[in-house]
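Q: Just to be clear, the model below is a prediction. Sequence and coordinates:
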Number of protein chains: 2
Amino acid sequence: MEQETVGLVVHAVGRTGVLHQLTGVIASHDGDITSVEILDNRPDQARTYFEVVVPNGLDGLVADLRALPIVRKVEIVQNLQKIYGKRIIIMGGGAQVGQVAIGAVSEADRHNIRGELISVDTIPLVGEQKLADAVRAVARLPRARALVLAGSLMGGEIEAAVREVRAQGLLVFSLNMAGSVPDAADLVVTDPVQAGVMAVMAVAETAKFTLERLKRRVF
Amino acid sequence: MEQETVGLVVHAVGRTGVLHQLTGVIASHDGDITSVEILDNRPDQARTYFEVVVPNGLDGLVADLRALPIVRKVEIVQNLQKIYGKRIIIMGGGAQVGQVAIGAVSEADRHNIRGELISVDTIPLVGEQKLADAVRAVARLPRARALVLAGSLMGGEIEAAVREVRAQGLLVFSLNMAGSVPDAADLVVTDPVQAGVMAVMAVAETAKFTLERLKRRVF
């Protein structure tokens, strides 16, 4: 119980130095911060969300946070990992991103009903540099597990970005399209609905589907 | 230039206290942290992403971060706000979430081409308490602007959660459905594709669409 990850929303005042003071209190309790979000950083309203594992009990930590002069309120809340779970990211052209989303959302629904927690995030984007930047940035999104590239032509800098994020452990799916991105992806799928379904199956613990066991890389 | 928001990825070692030390250096430079993510928090690899506004130049801050004994590397990266922008969140039953996503993704594509940055995130979920928790948690998601509830029956605790997040400034759209959620929403839309389109139009600066000017609340 005491090693559980707890969600805390801390309401404070001030702008610079707020996070430093709050994290100082958490560190003094040997708290391991697994996630943090700044919800508001106006001087009159600085709201910060923490997910933290506290070895020595939550009550002392909450009391010490409340004792800081800058803190107005501390709420204990549901943690986001428990609510939104793993994330599949779909990016590319609007028409194809929408079709991949149809497959991914329907398949995620089936697994979430059985106890999984998978959400599906999309961004319609055009342009080699913008897409390459967005692919690289997936590695900085919390809880992202797989990326689906949905378009008709992607290569160059996007291919380089795909190789970089795969090296960081992200699964990358590509539609069967022109350009060099399909060569760089873990799996290439022609039907966009199936691409979404397979991406969800690959990250769901409730599915019997692992890329390593597949004998083909293109569907 | 100096007031621009900068993205930084700091590679460090250690677990507890890392964030406290890093934010201490940022505070000593009067840096205003607008966003923060923990990318890894293993003892041998603690990667933290900051978006920070530095009034006195970036070079001194980066040099002082690099001078910390726990820091191995500091990278200057594209900030996530610039890449993924505003977020529309769609939640509910898989079949309907997918149709809302089709509308929202296609419409976001049209605005993103004209310079907007809107991404569309979804989670298929069932159950009153799970949905109520997920609605409340939207207020803790960075960059979330609008929520679309896509289902056939939602009420009770979900209605209470909708009223809470609206009070925190979130726009809430509901499909025309059974239960009390439509009464609590900003706008009720019968066609799921149109619900997605309208949600994007409502948050896009590139669209001439404001809820305050509408004479109807149900479509």
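A: In hand now; what should we look at? Since we're looking at a predicted model, the values are computed, not measured.
Q: Tell me the pLDDT of the residue of chain A most remote from its centre.
A: Centroid-distance maximum for chain A: residue A:69 at 33.6 Å, with CA atoms, centre = their mean. pLDDT recorded at residue A:69 is 94.
Q: before we move on, what about residue A:44?
A: pLDDT for residue A:44: 83.
Q: same question, residue A:1
A: The per-residue pLDDT reported for residue A:1 equals 42.
Q: ok so, going back, the residue farthest from the centre of chain A: helix or strand, and which one exactly?
A: Secondary structure assigned from DSSP states H and E places residue A:69 in neither a helix nor a strand.
Q: The helix or strand of chain A with the lowest mean pLDDT vs chain B: in contact?
A: Sorting the helices and strands of chain A by mean pLDDT, DSSP states H and E puts helix A:80-84 at the bottom, at a mean of 78. Yes. Helix A:80-84 is in contact with chain B by CB under 8 Å from any CB of the partner chain, via A:80, A:83-84. Every residue, glycine included, has its C-beta placed from N, CA and C.
Q: Using neighbour counts, pick out the buried residues of that helix.
A: For helix A:80-84, burial by neighbour count (16 or more other CB atoms under 10 Å in any protein chain shown) applies to A:80-81, A:83-84.
Q: Longest helix in chain A, please.
A: If you go by DSSP state H, chain A has its longest helix at helix A:94-113.
Q: how much does that one deviate in direction from helix B:94-113?
A: Interaxial angle, helix A:94-113 versus helix B:94-113 (axes from the mean of the first three to the mean of the last three CA atoms, to 10 degrees): 150 degrees.
Q: The very next helix or strand once past helix A:94-113 - which strands sit beside it in the sheet, and in what orientation?
A: Using DSSP H and E, the helix or strand that follows helix A:94-113 towards the C-terminus is strand A:118-124. Strand A:118-124 sits in its sheet next to strand A:86-92 (parallel), strand B:118-124 (antiparallel), going by DSSP bridges.
Q: For those strands, state which one has the densest average packing.
A: Burial of these is given as mean neighbour count (mean count of other CB atoms under 10 Å in any protein chain shown); strand B:118-124 ranks first at a mean of 28.
Q: Would you check that residue A:154 makes contact with residue A:131?
A: Yes. Residue A:154 lies in contact with residue A:131 (CB atoms under 8 Å); the separation is 6.6 Å.
Q: Compare the two (neighbour count), which wins?
A: Taking other CB atoms under 10 Å in any protein chain shown, residue A:154 and residue A:131 do not tie; residue A:154 has more neighbours (29 against 24).
Q: Now do the residue nearest to the more buried one when sequence neighbours are not counted against residue A:62, distance only.
A: Closest residue in space to residue A:154, ignoring its immediate chain neighbours: residue A:181 at 4.0 Å, by CB to CB, 6 or more residues apart in numbering or on different chains. As defined by CB to CB, to the nearest Å, residue A:181 lies at a distance of 48 Å from residue A:62.
Q: and if you look at residue A:199?
A: For residue A:199, the distance to residue A:62 (CB to CB) stands at 39 Å.
Q: for chain A, longest strand please?
A: Counting by DSSP state E, the longest strand found in chain A is strand A:32-42.
Q: Quick one: work out the angle between it and strand B:32-42.
A: With the same axes, to 10 degrees applied, the angle from strand A:32-42 to strand B:32-42 works out at 170 degrees.
Q: check whether the helix or strand following strand A:32-42 contacts chain B.
A: The element immediately downstream of strand A:32-42 (helix or strand, assigned by DSSP H and E) is strand A:45-53. Yes. Strand A:45-53 is in contact with chain B by CB under 8 Å from any CB, via residue A:49.
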